[in-house]
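>>> predicted structure and sequence below. I'll ask about it afterward.
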Amino acid sequence: MTLLGSLALWVAFLFGLWGALTGFLGGRRERGDLIASSRHAVYAMCGALFVAVVALEVALFRHDFNVEYVAAYTSRNMPVFYNWSALYAGQKGSLLFWAAVLALFGALAQALTARRHRVYLPYVGAITCVVAVFFVSVMLFGHANPFARLPYTPIDGNGLNPQLQNPGMVFHPPMLYLGYISITIPFAFAMAALLSKRLDADWLVAIRKWTLLSWLFLSIGICLGMWWAYVELGWGGYWAWDPVENASFLPWLTMTAFLHSVMVQEKRGMLKKWNLALIIGSWLLSIFGTFITRSGVISSVHSFTQSNVGYFFLVFLIVSAIVSFWVYATRLPLLQAEATLESMVSREASFLFNNLLLVGIAFSVLWGTLFPILSELVSGTKVTVGPPFFNQVNIPLGLGLLAVTGIGPLIAWRRSSGANLRRQFAVPAAAGGLTLLALLAAGMREFYPLVAIALGALVSATITQEFVRGVAARHRQYGEGWPLAFGRLIARNRRRYGGYIVHAGIVILFISFTGMAFKTETEATLRPGETATLKSPYGWTYSFTHQGVSQYAALNRQVTAATVAVARDGRRIGLMTTEKRQHVDAVGRPTFQPSTEVGIRSDLREDLYIVLAGVVDGTEQTVFRFTINPLVWWVWFGGLIVALGGLVVMWPGGGAPAVRREQAGYAVKLVAKDAG
Amino acid sequence: MVGSADHSRREFLAAGFGVLLSVDPAIRRSAQDSVVAADPSGKLYSPEWAGRSRQPVTAGDNDAAIQAIEKQLKCTCGCSLDVYTCRTTDFTCTVSPQMHQQVLTLAAAGSSADAIIAEFVREHGVVILMAPPKRGFNLAGYFFPSLVILIAGALLVLVMRRWVRRSPPAPLSAEPADATPGNSAELERLRRELQRTEA
């Protein structure tokens, strides 16, 4: 199978080259035979890469330990479940996964939009092939072939890192990869529009849908990553501003900016240059993220082992940036706005400020991520840029963004009068102000949480007001019952109200993040029967009574479990268990350092988070860390709401052709006609 | 609800909501295994399964002032975490406990927080700090992003004002720009909009 896999990589490489060549030539000369050949090459490349994926999975499931990658990431006693995730657990396998998924997206773009976006498809195919060929080249020429064999066959493999043996890791990396990878398709459409010089409204429709898909995958991937970090890493948080975390956040920010500013182009024919720059930038940031993760240039707990593939990515990144922006620069005269801003107090202006903040946050995150390198280059001094730096710089910007989220939807397109503003802002401003006063009266003095919750109330009121007015209008107009009016309001205006659902999820996330400001924790050494106490931010006193330690062997690990009885204000609420796990191979040899499994009891108010730090002198006297994390459940719920809103927005249909035409950029012309 | 239902929809929803509220909000409860692992001497049967042996927690370990210092210092094991987080998370790390001991020793000798941090910086350089000190080039590190955003914001406002000045007088659109549902004109606009949406 590995021979088949290696062969499939070479076949994919050759088809990719052919697809790129015929795609560019076919698009330029408008030759149908070359265009068809390019399309077929994309399909063939996709097929070959999936053969390679199947070949590697077969080797992983059959424990072919003569294959270096299989020996490094699986073992005979590993749960079968994780043989699948071993595919992308290592550098080489993840490169193959990336290339295969990219080829699949490329093939889907060709198949699903064959008629609607025919003009762009040869270039889209060619660009997809170029990017996929790059990834295959890294595997073939960068000593990253996942099918490389060892000169001997070990009895057993090393197994997957214990921290990766978590259900979150089965779903989190693929989601993140899908987000990263699918950005290539809107980028390819953007470049196709630039190369073909067909810069009408058509390209925008294609780009928006693909960008939404990427954004959704990336959002889900980031949230799953936060969840994995929280339940598996044991430090009691979910976001640490690690370079690899930042790398996933950067394209998410720029894509979010695009998904807002694209509305201005659709409605008013403005910001064409800016939107294209955002798409190109998002794609480059996704490649930059890949470079960060795989080069080892910046130290991170998440990155793959340092290897020479980083140089490949650096060169690819630089060349791609130069070529993309050169093409972009040459087409700037074709990207003139069809309308201009009529008022500083308009929805368009609010979107511009929203973009300023989103791109500003992206810039500050990028700056902080790269600052250690920059500092060493400029001043010769190595520095560390950790959470204190990022929090200091980004929290105010994030709160600014939250404010714009509440204000933007209240301002009318084109211009807003004073009366309109008063009418629109009365309820949200009152909600924000009253919340602030209530919190101050309740004794809260922490500045950022105060502002975040007050702004959250403002945005929530804005969203509620929009829904209430829309539902009331439907109720009055059609006599629909309230639930039916609510359902139809969303179904008939999926973009607008799906967007509001996303905003609601963002509010929940912001407010739940403030919970970390009230985190409390303590360490304690307890013999069985002894109790430690910890005060919750809500004023309750939790007591943790050590029940004892048990030990047992499981499939691929030896477990030491400590059980703790938990009571709140004297009332018993349950038992919690936290574990130390020593992973072993099939012959009982330890494979990794012992890892910790956290005990978590989650409710709507706060999480109890217990970590078994170790035992004293091999006895049952146990060292625990007890943490109370407020509002963590809401982080996952907020992420779910964001994903749900994203799904509503991108659900097919939902508008009549007339509306879709308007969405495609004809609104300005219609208004002009009305005026004439 | 139509007909002879025993409860109105409102009552039904209220009952459902009441049930929802009465549910214990615990989302996940951990299971436990009560088999005791220690032999009569009190030793675990397989102490090596539990990882490196730990020292009992001292008052210094939970001292907020000590923790505050450690949260400013980076563990040098390569984990990129601060000393406090590393020593309370990665229990295989041998570096962060040593750094913690050093902090405790310095504090016990009467050193202030600043002096302790200065001592670590003297030993390891500023790379030991979780955030660069606000001086020299690092100052640019802190303020450059905000400065760029401020300048970009100022430029944006200037550009927007220029666009507004260039903008021709607004055409009489069929749709008023600012309208709120409630009056008859808005209802008419809404009717048109709904008809167009559902056409």
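Arrived safely, thanks for sending.
>>> scan chain B for its longest helix.
Secondary structure of chain B per DSSP state H: the longest helix is helix B:137-166.
>>> so, in contact with chain A or not, that helix?
Yes. Helix B:137-166 is in contact with chain A by Cβ under 8 Å from any Cβ of the partner chain, via B:137-138, B:141-142, B:144-146, B:148-149, B:152-153, B:156-157, B:160-161, B:163-164, B:166. Where you see a C-beta, it was placed from the backbone N, CA and C, and this is true even at glycine.
>>> can you flag the buried ones in these?
Buried members of the residues of helix B:137-166 next to chain A, scored by 16 or more other Cβ atoms under 10 Å in any protein chain shown, are B:N138, B:G141, B:Y142, B:F144, B:P145, B:I149, B:G153, B:L156, B:M160, B:W163, B:V164.
>>> dump these to JSON lines, plus pLDDT.
Formatted as JSON lines, those follow (pLDDT from 0 to 100):
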{"residue": "B:N138", "pLDDT": "87"}
{"residue": "B:G141", "pLDDT": "85"}
{"residue": "B:Y142", "pLDDT": "87"}
{"residue": "B:F144", "pLDDT": "91"}
{"residue": "B:P145", "pLDDT": "90"}
{"residue": "B:I149", "pLDDT": "93"}
{"residue": "B:G153", "pLDDT": "94"}
{"residue": "B:L156", "pLDDT": "94"}
{"residue": "B:M160", "pLDDT": "91"}
{"residue": "B:W163", "pLDDT": "87"}
{"residue": "B:V164", "pLDDT": "88"}
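>>> spatially, which two of those residues are the most separated?
Using Cβ to Cβ, these reach their maximum pairwise distance at B:N138 and B:V164, which is 39.9 Å.
>>> ok and the residue in the stretch 151-300 of chain A nearest chain B?
A:W235 (4.1 Å; Cβ to the nearest Cβ).
>>> could you name the helices and strands sitting against the longest helix of chain B?
helix A:347-379, helix A:387-407 (3 or more Cβ pairs under 8 Å, 6 or more residues apart in numbering or on different chains; DSSP states H and E).
>>> now render those helices as a markdown table, adding distance to B:C75.
Putting the helices and strands packed on helix B:137-166 into a markdown table (distance: least, Cβ to Cβ, whole Å) gives the following:
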| stretch | distance to B:C75 |
| --- | --- |
| helix A:347-379 | 16 |
| helix A:387-407 | 14 |
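>>> okay if I get those as a markdown table plus mean pLDDT, mean neighbour count and distance to chain B?
Below are the helices and strands packed on helix B:137-166 laid out as a markdown table (pLDDT from 0 to 100; neighbours: other Cβ atoms under 10 Å in any protein chain shown; distance: least, Cβ to the nearest Cβ, whole Å):
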| stretch | mean pLDDT | mean neighbour count | distance to chain B |
| --- | --- | --- | --- |
| helix A:347-379 | 92 | 21 | 3 |
| helix A:387-407 | 92 | 20 | 4 |
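>>> of the ones you listed, which is nearest A:A52?
Closest approach to A:A52 among the helices and strands packed on helix B:137-166 (Cβ to Cβ): helix A:347-379, 32.4 Å.
>>> where does chain B have low pLDDT?
Along chain B, the parts satisfying pLDDT under 70 run over B:1-40, B:169-199.
>>> all helices of it, in order?
Under DSSP H, chain B gives helices at B:9-22, B:64-70, B:83-87, B:95-108, B:113-124, B:137-166, B:184-197.
>>> tell me which of those helices sits nearest to A:R476.
So among these, helix B:184-197 is nearest, using Cβ to Cβ, at 7.0 Å.
>>> distance of B:S146 from A:G19?
45 Å (Cβ to Cβ, to the nearest Å).
>>> same deal with A:A229?
Counting by Cβ to Cβ, the gap from A:A229 to A:G19 is 38 Å.
>>> quick one, which of the two is more surrounded?
A:G19 (33 against 23; other Cβ atoms under 10 Å in any protein chain shown).
>>> that older thread, in CSV: the helices of chain B, plus distance to A:R571.
Below are the helices of chain B laid out as CSV (distance: least, Cβ to Cβ, whole Å):
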stretch, distance to A:R571
helix B:9-22, 16
helix B:64-70, 28
helix B:83-87, 32
helix B:95-108, 35
helix B:113-124, 39
helix B:137-166, 48
helix B:184-197, 54
